[in-house]
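Asks: Sequence unavailable; structure follows:
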């Protein structure tokens, strides 16, 4: 019931937005957050309840890394790789964000 | 977003988190914690736990238990009975799909659920959100919405009401409930029954998106426990479990936020304002649990013109624990029993023919276990054959 699904905002009209869940599924939802086209939101029961800040996920990985270094070199290496992947996908998100806003 | 999801489901990261869990769990075991019970309060956390097999990844002294986390399961029978009665009286009834099949304790003129009321000629419409009903109700004469949900769902009702978008013919059968008071009740229940006490709180990420982490911090400090507000990917949950164990090992209480990409300390301030504008906190009945003080939301002041209870003079849910005979859903909701402890589970009560409320909603603990948990057979066989191996080598 408190299921939330991430979706990309396509259009904003007042307190409603059209969002894209991927796979061609689009819906009109209520907007309970400040969001602009290109932002990701989590949609629950027809409302966008929060805006996703993917860069915050980095914090979790960095916190895990702090302790993983004492676990094993492989664990630390796995985290380094994950942090790098996330950083580059976040950096890559900027141009696609602009593209998302243009149509 | 896809890259992030893939990372939070990756074997490497899950491996790191599992190793951390094992490290802190053995530290706690060495200090005499024979069993560490952690409770979640969200059906989606239970879904992640079962779907990704998280229980098989934690050491035997860590027990993951589902608490009250399914709004459909705890919606009192009186709410369903009211909706059925109105549907049979010619009122259009809007409902979420989850509550469509929810059985009432006693049939109303032969109908036990909204689906049966519809079969009997009632105008019952399943919608995706309240806003859909607001749009559709402009064409209906008299209409009600079976307004269930936790804090996550409350602002979806509050926004259209506060903006004056809801037509006067649309009323709400309010059944909104607040999670921290129920969490407190479930944690107390384990102690009252003399069961292993709950040692840590896996706090619900989407409830907290609205409320913020602060209410969980307050509850955790009051109870002297650690709490972690968790996301819903397997690595989110594993990292949250590791953090809880670490907090226990370090003797820390209060809340931390793992789901920082969505949850802040103060939550969605605009949504909270809308809720406070439209609703007031009231004592409320929970199916199977009775009345919990200050655990519900009722329409306030001018918004009462949309109150279906008042409009139709319906009997409000009372303190009676309204569970069908033989059903252990009340204990399952409180985390006192597992679905497999119920003699009806997967026998007289199945997802296609649910007997108790926990089998109805896709977020109900029994329905989740029925769909993904193999009915307990795999666990029983694994235990009998001594297959629950230490997992060090897999990390």
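Replies: That came through, no problem. As the structure is a prediction and not an experimental result, all values here were calculated from the model.

Asks: contacting residues around the nearest residue to residue B:143 once chain neighbours are set aside?
Replies: Closest residue to residue B:143 apart from its sequence neighbours, by CB to CB, 6 or more residues apart in numbering or on different chains: residue B:92 at 4.1 Å. The C-beta positions use only the backbone N, C-alpha and C, and glycine is treated the same way. Residue B:92 makes contact with B:123-125, B:137, B:140-144, according to CB atoms under 8 Å, 6 or more residues apart in numbering or on different chains.

Asks: Same check on residue B:12?
Replies: Residue B:12 touches A:78-79, A:81-82, counting by CB under 8 Å, 6+ apart.

Asks: between those residues, which is closest to chain B?
Replies: residue A:78 (3.7 Å; CB to the nearest CB).

Asks: What's the mean pLDDT across the helix or strand that closest one falls within?
Replies: Per DSSP states H and E, residue A:78 falls inside helix A:73-101. Confidence over helix A:73-101 (mean pLDDT, whole number) is 71.

Asks: Domain parsing of chain A, as residue ranges.
Replies: A:5-51, A:55-101 (automatic domain parsing).

Asks: Please see if the last one touches chain B.
Replies: Yes: when contact is scored as CB under 8 Å from any CB of the partner chain, part of domain A:55-101 falls within range of chain B: A:55-57, A:59-61, A:64, A:67-68, A:71-72, A:75, A:78-79, A:81-82, A:85-86, A:89.

Asks: Narrow these to just the buried residues.
Replies: Listed as buried from these are A:57, A:60-61, A:64, A:67-68, A:71, A:75, A:78-79, A:82, A:85-86, A:89; burial here means 16 or more other CB atoms under 10 Å in any protein chain shown.

Asks: Farthest pair within those?
Replies: The span of these, defined through CB to CB, is set by A:71 and A:89 at 25.0 Å.

Asks: what kind of secondary structure is the residue nearest to residue B:244 when sequence neighbours are not counted in?
Replies: Excluding its sequence neighbours, the residue lying closest to residue B:244 (CB to CB, 6+ apart) is residue B:200, at 3.9 Å. Here residue B:200 is recorded as strand under DSSP: H, G, I helix; E, B strand; the rest coil.

Asks: For the domains of chain A, state which one has the densest average packing.
Replies: domain A:5-51 (a mean of 19; mean count of other CB atoms under 10 Å in any protein chain shown).

Asks: Pull the distance from it to the chain's centre.
Replies: Put simply, domain A:5-51 sits 12 Å off its chain's centre (CA atoms, centre = their mean, to the nearest Å).

Asks: Just the buried positions in stretch B:198-217, please.
Replies: Buried residues in stretch B:198-217 (16+ other CB under 10 Å): B:198-213, B:215-217.

Asks: Over to stretch B:176-193?
Replies: Buried, per 16+ other CB under 10 Å, within stretch B:176-193: B:176-187, B:189-190.

Asks: Which members of these additionally contact chain A?
Replies: Answer for the buried residues of stretch B:176-193 near chain A: none qualify (CB under 8 Å from any CB).

Asks: out of those, which are inside helices?
Replies: The helices, defined by DSSP state H, take in B:179-187, B:189-190 from those.

Asks: Quick check: residue B:107 vs chain A, distance?
Replies: Distance, residue B:107 to chain A, using CB to the nearest CB, to the nearest Å: 24 Å.

Asks: Excluding chain neighbours, give the residue nearest to whichever residue of chain B sits closest to chain A in space.
Replies: Of all residues in chain B, residue B:129 sits closest to chain A, at 1.9 Å by CB to the nearest CB. Using CB to CB, 6+ apart and skipping the chain neighbours, the partner closest in space to residue B:129 is residue A:46 (1.9 Å).

Asks: Ramachandran coordinates for that neighbour?
Replies: With angles defined as degrees, to the nearest 10, residue A:46 sits at phi 80, psi 10.

Asks: Next up, the contacts around it.
Replies: A:27, A:29-30, B:127-132, B:156.

Asks: Quick check: residue B:78 touching residue B:322?
Replies: Yes: between residue B:78 and residue B:322 a contact is recorded at 7.4 Å, counting by CB atoms under 8 Å.

Asks: Can you pick out the most distant pair from the buried residues of stretch B:176-193?
Replies: B:176 and B:190, at 25.7 Å, using CB to CB across those.

Asks: quick one, phi psi at residue B:155?
Replies: Here residue B:155 shows phi and psi, under degrees, to the nearest 10, equal to phi -70, psi -20.

Asks: Likewise for the one 10 residues further on?
Replies: The phi/psi pair for residue B:165 (degrees, to the nearest 10) reads phi -90, psi -10.

Asks: How much space separates residue B:178 from residue B:195?
Replies: 24 Å (CB to CB, to the nearest Å).

Asks: Same check on residue B:18?
Replies: As defined by CB to CB, residue B:18 lies at a distance of 26 Å from residue B:195.

Asks: higher neighbour count, the two?
Replies: Applying other CB atoms under 10 Å in any protein chain shown to residue B:18 and residue B:195 shows that residue B:18 carries more neighbours, namely 22 against 15.

Asks: helix/strand/coil for that one?
Replies: helix.

Asks: Please identify the nearest residue in space to it, excluding sequence neighbours.
Replies: Nearest one to residue B:18, counting by CB to CB, 6+ apart, is residue B:57 at 5.1 Å.

Asks: One more: residue B:314?
Replies: Per CB to CB, 6+ apart, closest to residue B:314 is residue B:82, 4.4 Å.

Asks: Could you check how far that neighbour is from residue B:364?
Replies: 21 Å.

Asks: cool, residue B:227 as well?
Replies: Residue B:227 is 23 Å from residue B:364, by CB to CB.

Asks: swap in residue B:164?
Replies: The value you get for residue B:164 to residue B:364, if CB to CB is used, is 35 Å.

Asks: The two - which one has more neighbours?
Replies: With neighbours defined as other CB under 10 Å, residue B:164 and residue B:364 compare such that residue B:364 has more, 31 against 7.

Asks: Just confirm the more buried one contacts residue B:72, I think it does.
Replies: Yes: using CB under 8 Å, residue B:364 is in contact with residue B:72, at 6.7 Å.
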